[in-house]
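>>> one predicted model, sequence on top.
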Amino acid sequence: MTTALITGATAGIGAAFARRLAAEGHHLVLVARDEKRLSEQATELHDRHRVEVEVLRADLSTEDGIAAVEERLSDRRQSVDLLVNNAGFGNKGRFLEVTVQDELTMLKVHCEAVLRLTMAATRQMRERRRGGVINVASVAAFVPRGTYGASKAWVVQFTQGAARDLAGSGVRLMALCPGLVRTEFHARAGMGTDNVPGWMWLDADRLVDAALKDLARGKSLSVPDPRYKALTGLSKLVPRGAMARVSSTTGRKYGPS
(Lines give C-alpha, C1' and ligand atoms only; values in the text may rest on other atoms or scores of the structure.)
Protein backbone atom coordinates (compact mmCIF):
# COMPACT_ATOMS: atom_id res chain seq x y z
CA MET A 1 0.00 0.00 0.00
CA THR A 2 1.36 3.44 -0.92
CA THR A 3 1.80 6.54 1.23
CA ALA A 4 1.12 10.15 0.25
CA LEU A 5 2.42 13.24 2.05
CA ILE A 6 0.32 16.38 1.62
CA THR A 7 1.28 19.87 2.80
CA GLY A 8 -1.43 22.39 3.56
CA ALA A 9 -3.62 19.34 4.18
CA THR A 10 -6.32 20.67 6.50
CA ALA A 11 -8.29 22.83 4.07
CA GLY A 12 -9.12 23.45 0.44
CA ILE A 13 -7.23 21.56 -2.25
CA GLY A 14 -4.99 19.81 0.28
CA ALA A 15 -7.98 18.43 2.19
CA ALA A 16 -9.55 17.32 -1.10
CA PHE A 17 -6.38 15.40 -1.98
CA ALA A 18 -6.43 13.79 1.48
CA ARG A 19 -10.07 12.69 1.13
CA ARG A 20 -9.55 11.28 -2.35
CA LEU A 21 -6.32 9.43 -1.60
CA ALA A 22 -7.67 7.97 1.66
CA ALA A 23 -10.77 6.75 -0.17
CA GLU A 24 -8.47 4.96 -2.63
CA GLY A 25 -6.69 3.22 0.25
CA HIS A 26 -3.48 5.25 0.47
CA HIS A 27 -1.83 5.82 3.83
CA LEU A 28 -1.32 9.52 4.54
CA VAL A 29 1.10 11.94 6.15
CA LEU A 30 -0.75 15.22 6.70
CA VAL A 31 1.28 18.40 7.15
CA ALA A 32 -0.08 21.75 8.36
CA ARG A 33 0.39 24.33 11.11
CA ASP A 34 -2.79 23.68 13.13
CA GLU A 35 -2.28 20.57 15.26
CA LYS A 36 -5.91 20.42 16.43
CA ARG A 37 -7.28 20.45 12.90
CA LEU A 38 -4.68 17.90 11.81
CA SER A 39 -5.70 15.51 14.60
CA GLU A 40 -9.41 15.89 13.84
CA GLN A 41 -8.83 15.31 10.13
CA ALA A 42 -6.61 12.27 10.79
CA THR A 43 -9.20 10.68 13.04
CA GLU A 44 -11.99 11.22 10.53
CA LEU A 45 -10.03 9.79 7.59
CA HIS A 46 -8.79 6.81 9.59
CA ASP A 47 -12.25 5.96 10.92
CA ARG A 48 -13.91 6.34 7.54
CA HIS A 49 -11.37 4.64 5.30
CA ARG A 50 -9.32 2.45 7.69
CA VAL A 51 -6.01 3.81 6.48
CA GLU A 52 -3.02 4.87 8.54
CA VAL A 53 -2.85 8.64 8.95
CA GLU A 54 0.24 10.31 10.39
CA VAL A 55 0.22 14.00 11.33
CA LEU A 56 3.18 16.34 11.18
CA ARG A 57 2.77 19.87 12.52
CA ALA A 58 5.10 22.11 10.53
CA ASP A 59 5.18 25.76 9.50
CA LEU A 60 6.80 25.87 6.07
CA SER A 61 7.60 29.56 6.44
CA THR A 62 10.28 28.55 8.97
CA GLU A 63 13.57 26.66 8.69
CA ASP A 64 12.52 24.19 11.38
CA GLY A 65 9.24 23.46 9.60
CA ILE A 66 10.84 22.76 6.23
CA ALA A 67 13.58 20.65 7.84
CA ALA A 68 11.03 18.52 9.71
CA VAL A 69 9.20 17.62 6.50
CA GLU A 70 12.49 17.03 4.66
CA GLU A 71 13.46 14.57 7.38
CA ARG A 72 10.17 12.68 7.05
CA LEU A 73 10.51 12.49 3.27
CA SER A 74 14.07 11.18 3.63
CA ASP A 75 13.08 8.31 5.96
CA ARG A 76 13.86 5.09 4.05
CA ARG A 77 11.98 3.00 6.61
CA GLN A 78 8.70 4.78 5.87
CA SER A 79 8.87 5.74 2.22
CA VAL A 80 6.58 8.31 0.64
CA ASP A 81 5.26 7.43 -2.82
CA LEU A 82 3.40 10.66 -3.62
CA LEU A 83 4.22 14.19 -2.47
CA VAL A 84 1.62 16.94 -2.87
CA ASN A 85 3.21 20.35 -2.25
CA ASN A 86 0.04 22.32 -1.67
CA ALA A 87 0.82 24.75 1.18
CA GLY A 88 0.46 28.38 0.15
CA PHE A 89 -1.16 31.71 0.87
CA GLY A 90 -1.89 35.10 -0.64
CA ASN A 91 -1.00 38.65 0.39
CA LYS A 92 -3.57 41.40 0.02
CA GLY A 93 -2.22 44.46 -1.73
CA ARG A 94 -0.24 45.61 -4.71
CA PHE A 95 3.52 45.94 -4.97
CA LEU A 96 4.90 48.23 -2.22
CA GLU A 97 1.62 47.83 -0.29
CA VAL A 98 2.88 44.51 1.13
CA THR A 99 5.86 44.45 3.49
CA VAL A 100 9.09 42.97 2.23
CA GLN A 101 9.00 40.43 5.07
CA ASP A 102 5.58 39.17 3.95
CA GLU A 103 6.84 38.91 0.37
CA LEU A 104 9.91 36.97 1.50
CA THR A 105 7.75 34.66 3.60
CA MET A 106 5.68 33.90 0.51
CA LEU A 107 8.81 33.04 -1.46
CA LYS A 108 9.97 30.76 1.35
CA VAL A 109 6.70 28.80 1.33
CA HIS A 110 6.01 28.82 -2.41
CA CYS A 111 9.56 28.40 -3.71
CA GLU A 112 12.15 27.33 -1.13
CA ALA A 113 9.89 24.78 0.58
CA VAL A 114 8.74 23.36 -2.77
CA LEU A 115 12.33 23.05 -3.98
CA ARG A 116 13.64 21.39 -0.83
CA LEU A 117 10.72 19.01 -0.31
CA THR A 118 10.71 18.00 -3.97
CA MET A 119 14.43 17.23 -3.78
CA ALA A 120 14.05 15.22 -0.57
CA ALA A 121 11.18 13.18 -2.00
CA THR A 122 12.58 12.52 -5.45
CA ARG A 123 15.97 11.32 -4.17
CA GLN A 124 14.17 8.43 -2.48
CA MET A 125 11.79 7.89 -5.37
CA ARG A 126 14.58 7.72 -7.93
CA GLU A 127 16.31 5.00 -5.91
CA ARG A 128 13.07 2.97 -5.89
CA ARG A 129 12.34 3.92 -9.53
CA ARG A 130 8.78 4.94 -8.74
CA GLY A 131 6.88 7.83 -7.24
CA GLY A 132 5.21 11.11 -8.03
CA VAL A 133 5.21 14.78 -7.03
CA ILE A 134 2.39 17.25 -7.58
CA ASN A 135 3.40 20.86 -7.00
CA VAL A 136 0.33 23.05 -6.72
CA ALA A 137 0.86 26.25 -8.70
CA SER A 138 -1.93 28.41 -10.16
CA VAL A 139 -3.16 29.92 -13.41
CA ALA A 140 -1.74 33.10 -11.86
CA ALA A 141 1.59 31.74 -13.09
CA PHE A 142 0.59 32.89 -16.58
CA VAL A 143 -0.49 36.40 -15.57
CA PRO A 144 1.98 39.17 -14.57
CA ARG A 145 0.49 40.14 -11.22
CA GLY A 146 3.01 40.51 -8.42
CA THR A 147 4.88 38.11 -6.18
CA TYR A 148 2.11 35.51 -5.95
CA GLY A 149 1.99 35.00 -9.71
CA ALA A 150 5.78 35.18 -9.99
CA SER A 151 6.24 32.52 -7.32
CA LYS A 152 3.74 30.23 -9.01
CA ALA A 153 5.45 30.78 -12.38
CA TRP A 154 8.65 29.61 -10.69
CA VAL A 155 6.84 26.47 -9.46
CA VAL A 156 5.71 25.68 -13.02
CA GLN A 157 9.15 26.19 -14.57
CA PHE A 158 10.95 24.34 -11.79
CA THR A 159 8.59 21.37 -11.90
CA GLN A 160 8.65 20.98 -15.66
CA GLY A 161 12.43 21.28 -15.71
CA ALA A 162 12.83 18.66 -12.97
CA ALA A 163 10.35 16.39 -14.76
CA ARG A 164 12.48 16.59 -17.89
CA ASP A 165 15.67 15.84 -15.96
CA LEU A 166 14.08 12.80 -14.27
CA ALA A 167 12.44 11.42 -17.41
CA GLY A 168 12.89 7.66 -17.58
CA SER A 169 13.63 7.35 -13.86
CA GLY A 170 10.16 6.16 -12.89
CA VAL A 171 9.47 9.44 -11.07
CA ARG A 172 6.70 11.71 -12.31
CA LEU A 173 6.51 15.42 -11.52
CA MET A 174 3.59 17.68 -12.39
CA ALA A 175 2.70 21.32 -11.81
CA LEU A 176 -1.00 21.71 -11.07
CA CYS A 177 -2.44 25.06 -12.15
CA PRO A 178 -6.00 25.53 -10.91
CA GLY A 179 -8.01 28.68 -11.18
CA LEU A 180 -10.29 30.01 -8.47
CA VAL A 181 -11.39 27.32 -6.03
CA ARG A 182 -13.87 27.78 -3.20
CA THR A 183 -11.56 27.36 -0.20
CA GLU A 184 -10.42 29.40 2.81
CA PHE A 185 -7.63 30.96 0.75
CA HIS A 186 -9.23 34.32 -0.03
CA ALA A 187 -10.83 34.82 3.38
CA ARG A 188 -7.51 34.17 5.15
CA ALA A 189 -5.84 36.78 2.95
CA GLY A 190 -8.66 39.30 3.49
CA MET A 191 -9.50 39.35 -0.22
CA GLY A 192 -13.03 40.08 -1.37
CA THR A 193 -14.50 37.83 -4.05
CA ASP A 194 -17.83 39.52 -4.73
CA ASN A 195 -16.61 40.73 -8.14
CA VAL A 196 -15.67 37.22 -9.31
CA PRO A 197 -18.14 35.75 -11.85
CA GLY A 198 -19.73 32.49 -10.76
CA TRP A 199 -18.42 30.59 -13.78
CA MET A 200 -14.82 31.09 -12.63
CA TRP A 201 -15.17 29.01 -9.44
CA LEU A 202 -13.98 25.40 -9.43
CA ASP A 203 -14.86 22.47 -7.16
CA ALA A 204 -11.86 21.14 -5.19
CA ASP A 205 -12.85 17.46 -5.41
CA ARG A 206 -13.31 17.58 -9.18
CA LEU A 207 -10.03 19.44 -9.46
CA VAL A 208 -8.21 16.66 -7.59
CA ASP A 209 -9.82 14.00 -9.77
CA ALA A 210 -8.59 15.74 -12.92
CA ALA A 211 -5.13 16.30 -11.44
CA LEU A 212 -4.60 12.65 -10.53
CA LYS A 213 -5.71 11.56 -14.00
CA ASP A 214 -3.22 13.97 -15.57
CA LEU A 215 -0.43 12.68 -13.32
CA ALA A 216 -1.24 9.10 -14.33
CA ARG A 217 -1.05 10.17 -18.00
CA GLY A 218 2.46 11.47 -17.41
CA LYS A 219 1.70 15.15 -17.88
CA SER A 220 4.13 17.67 -16.38
CA LEU A 221 1.53 20.49 -16.45
CA SER A 222 -2.12 20.22 -15.52
CA VAL A 223 -4.70 22.97 -16.02
CA PRO A 224 -7.73 20.92 -14.99
CA ASP A 225 -10.68 22.76 -16.46
CA PRO A 226 -11.64 23.75 -20.03
CA ARG A 227 -12.42 27.31 -18.95
CA TYR A 228 -8.98 27.89 -17.51
CA LYS A 229 -7.29 25.98 -20.33
CA ALA A 230 -8.83 28.57 -22.64
CA LEU A 231 -7.61 31.45 -20.47
CA THR A 232 -4.07 30.10 -20.29
CA GLY A 233 -4.11 29.56 -24.04
CA LEU A 234 -5.24 33.15 -24.47
CA SER A 235 -2.35 34.32 -22.29
CA LYS A 236 0.07 33.05 -24.95
CA LEU A 237 -1.60 35.14 -27.64
CA VAL A 238 -2.56 38.35 -25.83
CA PRO A 239 0.15 40.87 -24.79
CA ARG A 240 1.08 40.41 -21.12
CA GLY A 241 0.06 43.96 -20.23
CA ALA A 242 -3.44 43.34 -21.57
CA MET A 243 -3.73 40.09 -19.60
CA ALA A 244 -2.73 41.95 -16.45
CA ARG A 245 -5.51 44.47 -17.02
CA VAL A 246 -8.05 41.68 -17.58
CA SER A 247 -7.00 39.92 -14.39
CA SER A 248 -7.41 43.09 -12.36
CA THR A 249 -11.09 43.32 -13.32
CA THR A 250 -12.02 39.63 -12.85
CA GLY A 251 -10.75 38.80 -9.41
CA ARG A 252 -7.06 39.35 -9.87
CA LYS A 253 -6.03 36.96 -7.09
CA TYR A 254 -6.18 33.50 -8.58
CA GLY A 255 -4.77 31.72 -5.52
CA PRO A 256 -6.35 28.32 -5.03
CA SER A 257 -4.64 26.58 -2.17
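Okay, I see it.

>>> going forward, measure contacts and count neighbours with C-alpha atoms only.
OK.

>>> wasn't E71 part of a strand?
No: checked against DSSP: H, G, I helix; E, B strand; the rest coil, E71 lies outside a strand; its state is helix.

>>> and it, how far is that from D64?
Here E71 is placed at a distance of 10 Å from D64 (C-alpha to C-alpha, to the nearest Å).

>>> before we move on, what about R172?
The separation that R172 has from D64, given C-alpha to C-alpha, amounts to 27 Å.

>>> looking at those two, which is more packed in?
Comparing R172 with D64 by other C-alpha atoms under 10 Å, the one with more neighbours is R172, at 27 against 12.

>>> the more buried one should be in a helix, yeah?
No: secondary structure assignment (three-state DSSP) places R172 in strand, not in a helix.

>>> ok, now which ones touch the nearest residue to it once chain neighbours are set aside?
Nearest-residue entry for R172: G132, 4.6 Å, with adjacent residues in sequence omitted and distances by C-alpha to C-alpha, 6 or more residues apart in numbering. With contact taken as C-alpha atoms under 8 Å, 6 or more residues apart in numbering, G132 is in contact with D81, L82, L83, T122, M125, V171, R172, L173, L215.

>>> whichever of these end up buried, select them in ChimeraX.
The following ChimeraX command selects only the buried members of the contacts of G132, with burial defined by 16 or more other C-alpha atoms under 10 Å:
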select :81,82,83,122,125,171,172,173,215
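
>>> nearest to V55, of the contacts of G132?
When these are compared for distance to V55 (C-alpha to C-alpha), L83 comes out closest, at 14.4 Å.

>>> state the distance from that closest one to R206.
Noted for L83: a distance of 19 Å to R206, by C-alpha to C-alpha.

>>> cool, and H27?
Using C-alpha to C-alpha, one gets 21 Å for the distance from H27 to R206.

>>> more crowded one of the two?
Of the pair H27 and R206, H27 is the one with more neighbours under other C-alpha under 10 Å, namely 25 against 12.

>>> chain neighbours aside, what residue packs nearest to the more buried one?
Leaving out its chain neighbours, the residue that sits closest to H27 by C-alpha to C-alpha, 6+ apart is T3, at 4.5 Å.

>>> would you report the backbone torsion angles of that neighbour?
Dihedral pair for T3: phi -120, psi 140, per degrees, to the nearest 10.

>>> neighbours around it, how many?
Residues within reach of T3, counting by other C-alpha under 10 Å, total 22.

>>> what's the answer for E71, then?
For E71, the neighbour count with other C-alpha under 10 Å is 12.

>>> relative to R37, how far out is it?
Taking C-alpha to C-alpha as the measure, E71 and R37 are separated by 22 Å.

>>> re the thing from before, so what's the residue nearest to R172 scoring on pLDDT?
According to the per-residue confidence, G132 scores 98 in pLDDT.

>>> helix/strand/coil for it?
Applying three-state DSSP to G132 yields a three-state assignment of strand.

>>> go on, Y148?
In the three-state summary, Y148 is assigned as helix, counting by three-state DSSP.

>>> what segments of this structure are helices?
Ranges of helices within the chain are 12-23, 35-49, 63-73, 100-107, 113-128, 146-165, 185-189, 204-216, 226-235, 240-249, based on DSSP state H.
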